[in-house]
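Engineer: curious how this folds, go ahead:
(chains A and B)
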Amino acid sequence: MVQRRPHPGRSRARWLGFSAAIAVFGASLTACVGVIGDADEDTTEAESLVLAAPALPRLTAAQYQSSLVELFGASMPKAPLEDDTKPFLFYNIGASSTTLSEFGVQQYEESADALTRYVFADPARRAAFVGCEPAAPGDACVEGFLRRFGRRVFRRPLTNDEVSRWVGISQTLADPSAWEGLRLATSGLLQSPHFLYRAELGVPDDGAPGRRKLTGYEMATRLSFLLWNQGPDDALLDAAENGDLDKSDGIAAAAERLLDDPRARSAMQAFFRQYLDLGRLDGIQRDPAAYPYFTPTIREAMRREVELLVEDVVFESRGDARSIFSTRKTFVNADLAALYGIEAPGATTDTFVPVELPADGPRAGLLTLGAFLTMNAHETRTSPTARGKYVRERVLCLEVPAPPPGVDTTLDPPMGDPKTVREQMEAHRTNPACAACHTFMDPPGFLFEHFDSSGYYRTVFEGDLPIDSSGDLDGKPLADARGLATVLETEPRVGRCMVQQLYRHAQGRLETKGERLALEDLASRFAGASFDFRTLLIELVTHDAFRYIGEEQSP
Amino acid sequence: MKTTPLSRRTFLRGAVGGTAVALALPTLEAMLGSRDAEAASTGPIFGIFFWGGGLPWHDGHGAPQAGHPDLWTPAATGKDYAPSELLAPLAPYQPSVVTGLTPHTAVPDLPAGQSDGHMRGFMVSMTGDRIRPEGFDHPSHTLTALRPTLDQYVAKHPAFYGPESPRFRSLILGASTARFHDYGHWNAISYNGPDDLNPPILDPGQLYDLLFGVAADTAGMKRRALLLDAVMEDAKSLSARVGAADKQRIEAHLEHLHSVKSRLEFSGDACAPPGKPAPNDELVAKTDIMGSLLASALACNMTRVFSFMLSSPATTHVFSNLGVPNDFHATVHEGAWDHARAGILYQMQAFAAFLGRLQAVVEPTGGTLLDRALVFGLSEYGEGYQHSVAEMPCVLAGGANGKIRRNVHVRDPGGNYSKAHVTMLRGVGLETPSFGWNGGETSEAFGDILV
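Structural biologist: Below you'll find the predicted structure:
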């Protein structure tokens, strides 16, 4: 039996912490709280950027499909593929660390076969696709097509050996016709690991031994998968061919072009969905008798609201990206307007309209919107712990460890008189085993107590008990969620956390300790650009940490 | 195209009103296909049946909600025990059970959270080892196995199939589509190794096509198979250029291409297909459908190893048909014991439907598929209220060709879970001096069950 070894690139040095954040928190708080990734206490050594070994991401199912749609058109048949996984929140990390199953390989075969049958069965469609009519197996038409198409599929020109090999294959399999041979060769290219995996091998860098510079074509691939979530188009491959992507300004120019395209918006939405963990909305259900505003259509509306908010902040107004956690601007459909109790002229179930949440109201920012409040609550009661944990882990990138073994994590159901959730959770404060961590999770979570499990604003708990939404963040007392939003508006850790998560998504792996400086650098550039997310993307793709890789350790 | 051989599901014994219904037996020549690898097999079958959510908790689990009766452990030990409430649905199939087992593997303190029952109990019962601590991340529920799960351990053991492997080394199936999380073992139970999962086929139509959907154009299938040689060339060239860990991933891809190629080459030789099933999302009905397709595949020796994930670890399946309003993970977590009882009983009814499909197929030898099989029934922990790994369920159904004694209850309080692994591996004919890792090693088997 084959014993699998852990991946050196992913395991060797997975940890990174921001030294500034550690300085703030490491000294004052207990061992419960750390910055995510801060497993190593050793943060004082002299630092330089140490590049990580290359990864080998497989295309995610979404990347595979969108790359093919680009080549074959949106009406192409879509075959089922193996589900992706998202360790540490990101599909890209799953794609560079997991192994495809046997059935997954079979699905690639079936997908390529079905797709090429669809294209080649229709004479008009195949003529348009191939651009010429093969007169004989392996003729100039066939070779020209395989060269052209192969460059798009492999994201680089085929070598002459590869061209002659694939032309040969199309000849061998040209039964009953040259067309069938060409179809099968096309199917083969789509199953090739050169298409399915993104090899980033680089070339030796004369100026700096020990690191490798990604080639122009490799940069085109990285840029395109990050900014479009699909393979590069001809213009980007041309830029690579011309050497434009060997230089920082050429990369920036190419990235600007990609970012001006609608495909960039959908790619960035995919990033924000993963970073904000919105997939957890999928399973949410609420009893309509207990939560009358939780309509059958509201769950999707909650997700859409976040997307529209991100779209507005990141792309439309290009404001401070952190403001998604504090802005009073949002986008509601009729379901959400009812849940929030606000006027939204023009809103229907399907139509979202921009609204300004009331200045004297309880809501501002993503943490007061339906998605966050609902997915971090139980079916029948709120969960200050889950909400506080989200604030710490997802918004601030602080780590909250799992409960120690043997601890009773269940709260007794209310007995006798109804008790508020806060009262039930008193044990978290009084039992030392719980308090070590819950002291940091529950108090920010209590700030949301005015919002029930469906995100509806309530003034009393179970009839007549007053609600106390006071809490704190890092020991700083706050009155409610609006108070937290005001803090987050200028909180440096929010910006750093965003950088860290984007970096993981872009690299398809956890940051290594050697990359600490790169993250510091990006975070300060992000701050210097008033937290404009688009500028952060340009800074990232032109950064050495994105353009160079370390030498792979010898096996 | 070659003549399609007749199915070797030669006669079915349906328990219709207690009367065995026998169908005519065709001649042996007509039944045997032209491909030797699919000739009638008499080798043992090994399978896993997994359900999520453990058992309803009782004092033996150490759960703080005291006073609930143990609905799982039969009152008496030994042969022909009287089944408990939860084992009663399985009684017609005479499973042996071991109660009281728990993981003996040690778990490192850091990163914290590895002792969570979902994860520790799952890994120990499925692999005999702990979670891989490296890369473990409790906040994002990221974890992986250190080694193959028992189904893959058996399927890839050189002594199990010997030189002739069947069309599928294993079939990986499941029923419920509810998932706790998008990552790894939260939606799959079968591992080949770290970060190397076999996601289950959950759709009966997809399974049907995989097993019986054979294209008429065999010449075209052969060309598709030939094409894979070219794809493998590319895999080899990539493999030569990447680092050690990525090389393993590409080598696995290459190995899978070989398997797919051989299936394409022999695609004309499939067994006579059963009827294509209509979709049904009701859990017991769906299990019955998947079980019947699997039984057809086993009967014509398409494979001898399977795993079936009725529901995933920490399943969020909503048993609304039982009046359970919340998802099952939340239900057990919140301490709703009656709902836990209903949900587990229902899952045992699905297990019974599954075993019934294996028992219904009588082979030319006169025995049933279940006589030839050993089906390991398990969940991820003892109970879900506190995620206790005390008193983990362990069912050994089927006779394993006479190597496993049926209908025996062995009670081993605090016993090492890997004793069950040793028992099963020896039961399916694999020499197993010991099994288990990191403190869980044992060479002991349950002598009352292993013949």
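Engineer: which residues sit against stretch B:246-261?
Structural biologist: The contact list for stretch B:246-261, computed with C-beta atoms under 8 Å, 6 or more residues apart in numbering or on different chains, reads A:2, A:4-5, A:7, A:9, A:55-56, A:58, A:99-102, A:104-106, A:109, A:193, A:197, A:555, B:169, B:192, B:196, B:225, B:228-229, B:231-232, B:235-236, B:238-239, B:242. Every residue, glycine included, has its C-beta placed from N, CA and C.
Engineer: quick one: residue A:388 is in a helix?
Structural biologist: Yes. Assessed by DSSP: H, G, I helix; E, B strand; the rest coil, residue A:388 belongs to a helix.
Engineer: check contacts around it.
Structural biologist: Residue A:388 sits next to A:440-446, A:471 when contact means C-beta under 8 Å, 6+ apart.
Engineer: with residue A:48 instead?
Structural biologist: Residues in contact with residue A:48, defined by C-beta under 8 Å, 6+ apart, are A:514, A:517.
Engineer: so residue B:46 is in which element?
Structural biologist: strand B:45-50 (DSSP states H and E).
Engineer: tell me which residue of the stretch 51-200 of chain B lies closest to chain A.
Structural biologist: When distances are taken as C-beta to the nearest C-beta, the stretch 51-200 of chain B reaches nearest to chain A at residue B:113, 2.8 Å away.
Engineer: what two of the contacts of residue A:388 are the furthest from one another?
Structural biologist: Farthest pair in these (C-beta to C-beta) is A:440 and A:446. Separation: 12.2 Å.
Engineer: what's the residue closest to the geometric middle of chain A?
Structural biologist: Geometric centre of chain A, nearest residue: residue A:271, 3.0 Å, by C-alpha atoms, centre = their mean.
Engineer: can you tell me the closest non-neighbouring residue to that residue?
Structural biologist: Nearest residue to residue A:271 in three dimensions, chain neighbours excluded: residue A:505, at 5.2 Å (C-beta to C-beta, 6 or more residues apart in numbering or on different chains).
Engineer: and the one you found, how far from chain B?
Structural biologist: Distance of residue A:505 to chain B, given as C-beta to the nearest C-beta, to the nearest Å: 13 Å.
Engineer: any idea which element that residue lies in?
Structural biologist: Residue-wise, residue A:505 maps onto helix A:492-507 under DSSP H and E.
Engineer: tilt between the very next helix or strand once past that helix and helix A:492-507?
Structural biologist: Under the assignment DSSP H and E, the closest C-terminal helix or strand after helix A:492-507 is helix A:516-528. Interaxial angle, helix A:516-528 versus helix A:492-507 (axes from the mean of the first three to the mean of the last three C-alpha atoms, to 10 degrees): 120 degrees.
Engineer: I'd like the average pLDDT over the helix or strand that comes right after helix A:516-528.
Structural biologist: Once helix A:516-528 ends, the next helix or strand along the chain (criterion: DSSP H and E) is helix A:533-541. Averaged across helix A:533-541, pLDDT comes to 98.
Engineer: now do helix A:533-541: distance to the chain's middle.
Structural biologist: Centroid displacement of helix A:533-541 relative to its chain, using C-alpha atoms, centre = their mean, to the nearest Å, is 15 Å.
Engineer: let's see that helix as CSV, backbone CA atoms only.
Structural biologist: C-alpha atoms of helix A:533-541 as CSV (Å, rounded to 0.1, in the frame of the first residue of the first chain):
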residue,chain,number,x,y,z
PHE,A,533,-9.6,46.5,-2.7
ARG,A,534,-8.8,46.9,-6.3
THR,A,535,-5.5,48.6,-5.5
LEU,A,536,-4.8,45.7,-3.1
LEU,A,537,-5.3,43.2,-6.0
ILE,A,538,-2.9,45.2,-8.2
GLU,A,539,-0.4,45.3,-5.3
LEU,A,540,-0.8,41.6,-4.8
VAL,A,541,-0.3,40.5,-8.4
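Engineer: how much does it deviate in direction from helix A:516-528?
Structural biologist: 150 degrees.
Engineer: let me know the next secondary structure element after helix A:533-541.
Structural biologist: helix A:544-547.
Engineer: can you list contacts of that next one?
Structural biologist: When contacts are defined by C-beta under 8 Å, 6+ apart, helix A:544-547 is touched by residues A:49, A:51, A:213-214, A:219, A:222, A:248, A:251, A:503, A:506-507, A:515, A:518, A:540.
Engineer: show me the contacts for residue A:508.
Structural biologist: In this structure, residue A:508 makes contact with A:55, A:57, A:90, A:92-93, A:95-96, judged by C-beta under 8 Å, 6+ apart.
Engineer: now do 6 Å
Structural biologist: Contact partners of residue A:508, counting by C-beta atoms under 6 Å, 6 or more residues apart in numbering or on different chains, are A:55, A:57, A:92-93, A:96.
Engineer: lowest-confidence member of these, which is it?
Structural biologist: Among the contacts of residue A:508, residue A:55 has the weakest pLDDT, 89.
Engineer: just checking, it touches residue A:509?
Structural biologist: Yes. Judged on C-beta atoms under 6 Å, residue A:55 makes contact with residue A:509 at a distance of 5.3 Å.
Engineer: burial count for the residue in chain A that chain B sits nearest to?
Structural biologist: Residue nearest to chain B within chain A (C-beta to the nearest C-beta): residue A:402, separated by 2.8 Å. Using other C-beta atoms under 10 Å in any protein chain shown, residue A:402 is surrounded by 19 other residues.
Engineer: residues contacting it?
Structural biologist: Neighbouring residues of residue A:402 by C-beta under 6 Å, 6+ apart: B:112-113, B:138.
Engineer: which SS state does it fall under?
Structural biologist: Three-state call for residue A:402 (three-state DSSP): coil.
Engineer: point out where the chain drops to low pLDDT.
Structural biologist: This is for chain A. The model of chain A has pLDDT under 70 over residues A:1-47, A:401, A:403-419, A:552-555.
Engineer: meant chain B, my bad for not saying
Structural biologist: B:1-40, B:182-185, B:267-270.
Engineer: any part of the longest helix belonging to chain A near chain B?
Structural biologist: For chain A, the helix that runs over the most residues, judged by DSSP state H, is helix A:102-121. Yes. Using C-beta under 6 Å from any C-beta of the partner chain, helix A:102-121 reaches chain B at A:102, A:105-106, A:109.
Engineer: what's the domain layout of chain B?
Structural biologist: Domain ranges of chain B: B:48-208+B:281-427, B:215-269, per automatic domain parsing.
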